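Chemist: from the sequence below, what's the structure:
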Amino acid sequence: MKRELEPYQLIERSINKKYRKSIWNPFIEAVQRYELINEGDKIAVCISGGKDSMLLAKLMQMLQRISKVPFELVFLVMDPGYNEANRRMIESNAELLHIPITVFESDIFAVAESVSKSPCYLCARMRRGHLYNKAKEMGCNKIALGHHFSDVIETTLLGMFYGSQLQAMMPKLHSQNFEGMELIRPLYCVNEEDIIAWRRYNDLQFLQCACRFTENNAASENGIGDSKRQEIKMLIKSLKKDNPTIERSIFNSIHAVCLETFPAYKKGGELHSFLETYDRI
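Modeler: Numbering: from 1, shown residues only. Just a heads-up that it's a prediction; the model follows:
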């Protein structure tokens, strides 16, 4: 008699089978291409409760089982001030996916909501600091975040349009404030559209975002509010109608920067001009 699979096993099978080409393979590509995991690593997979971090946790768990490179995992959930329903949703999804989470508390939402300027920036900075601190306390040398391919594209355009700079999101970074710690992004090559498709296929419900700022955006007339990232998402969606590969073109471009064609660039925080070497040719 054929054994009936449990829900988490069916979800894992969907990654191995139906979404192998669109999710598993790009995940492995990022891990290998950018050398994100090394022997002896102890990695804190940071779970916010959204689709991206939950999928990341499952992928890392599945990789650990088959990897020839031994590494440890901790599945870290920071509660920045979720209401009871949102906290329970995270715990229920972790249980469903068979992900053994470690939860710790903070008051980040309350602090971020008390400022009028750049609350999202402050929230993100505080979240990362708390996660680094807790991960280091637990003996980890890396934290893994759920930023994906689409985040990389959007961040690049945000920097150009609103920050007056050509700056990409890196697949891994050394922490400047926590010695010996690194941040890695194993979903770097996974498109958000495929994550959404995986979630829908498995009929999974995850947190969208539990902060009041995002709720205000959703309630605005255009569904965007003051979110520049949402504006960029809408722009890319529009551009893809005529050029379906535009995201891949942007992604490839940040891997093939030609400094010789730029009148100025920054390195190590210092601004350089093409005039410095112009007459040496």
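
Chemist: just the helices in the stretch 101-250 of the chain please.
Modeler: For the stretch 101-250 of the chain, applying DSSP state H, counting those that start in this stretch gives helices covering 108-113, 119-137, 149-163, 192-201, 212-219, 228-239, 246-253.

Chemist: need the ones you listed in a markdown table with distance to Pro263 and mean pLDDT, can you?
Modeler: Every C-beta, even on glycine, is put in place using the N, C-alpha and C of the backbone. Formatted as a markdown table, those follow (distance: least, CB to CB, whole Å; pLDDT from 0 to 100):
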| stretch | distance to Pro263 | mean pLDDT |
| --- | --- | --- |
| helix 108-113 | 38 | 72 |
| helix 119-137 | 29 | 83 |
| helix 149-163 | 15 | 95 |
| helix 192-201 | 34 | 98 |
| helix 212-219 | 37 | 47 |
| helix 228-239 | 25 | 93 |
| helix 246-253 | 18 | 96 |
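
Chemist: dump those helices into TSV; add mean neighbour count and distance to Met60 as well.
Modeler: Putting these into TSV (neighbours: other CB atoms under 10 Å; distance: least, CB to CB, whole Å) gives the following:
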stretch	mean neighbour count	distance to Met60
helix 108-113	18	24
helix 119-137	17	14
helix 149-163	18	17
helix 192-201	16	15
helix 212-219	13	26
helix 228-239	15	25
helix 246-253	15	22
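
Chemist: with Ala30 as the reference, name the closest of these.
Modeler: helix 149-163 (8.9 Å; CB to CB).

Chemist: list the helices and strands the closest one packs on?
Modeler: Applying 3 or more CB pairs under 8 Å, 6 or more residues apart in numbering; DSSP states H and E, one finds that helix 149-163 contacts helix 192-201, helix 228-239, helix 246-253.

Chemist: beyond the last one, next helix or strand please.
Modeler: Toward the C-terminus, helix 246-253 is succeeded by strand 264-267 as the next helix or strand (DSSP states H and E).

Chemist: who does the helix or strand following that following strand pair up with?
Modeler: Later in the chain than strand 264-267, the nearest helix or strand by DSSP H and E is strand 270-273. Strand 270-273 has the following sheet partners, assigned by DSSP bridges: strand 264-267 (antiparallel).

Chemist: from what I see, Tyr265 and Leu259 are in contact.
Modeler: Yes. Here Tyr265 reaches Leu259: they are 5.6 Å apart, a contact under CB atoms under 8 Å.

Chemist: the two: which is more packed in?
Modeler: Tyr265 (13 against 10; other CB atoms under 10 Å).

Chemist: what about that one, distance to Gln165?
Modeler: 10 Å (CB to CB, to the nearest Å).

Chemist: same question for Gln64.
Modeler: Note on Gln64: its distance to Gln165, by CB to CB, is 37 Å.

Chemist: again, but for Asn243
Modeler: 24 Å.

Chemist: what's the answer for Thr156, then?
Modeler: Where Gln165 is concerned, Thr156 sits at a distance of 10 Å (CB to CB).

Chemist: so Val69 sits right up against Ile43, yeah?
Modeler: No. At 11.7 Å, Val69 does not count as touching Ile43 under the criterion of CB under 8 Å.

Chemist: shared neighbours of these two, anything?
Modeler: Counting by CB atoms under 8 Å, 6 or more residues apart in numbering, the common neighbours of Val69 and Ile43 are Ile37.
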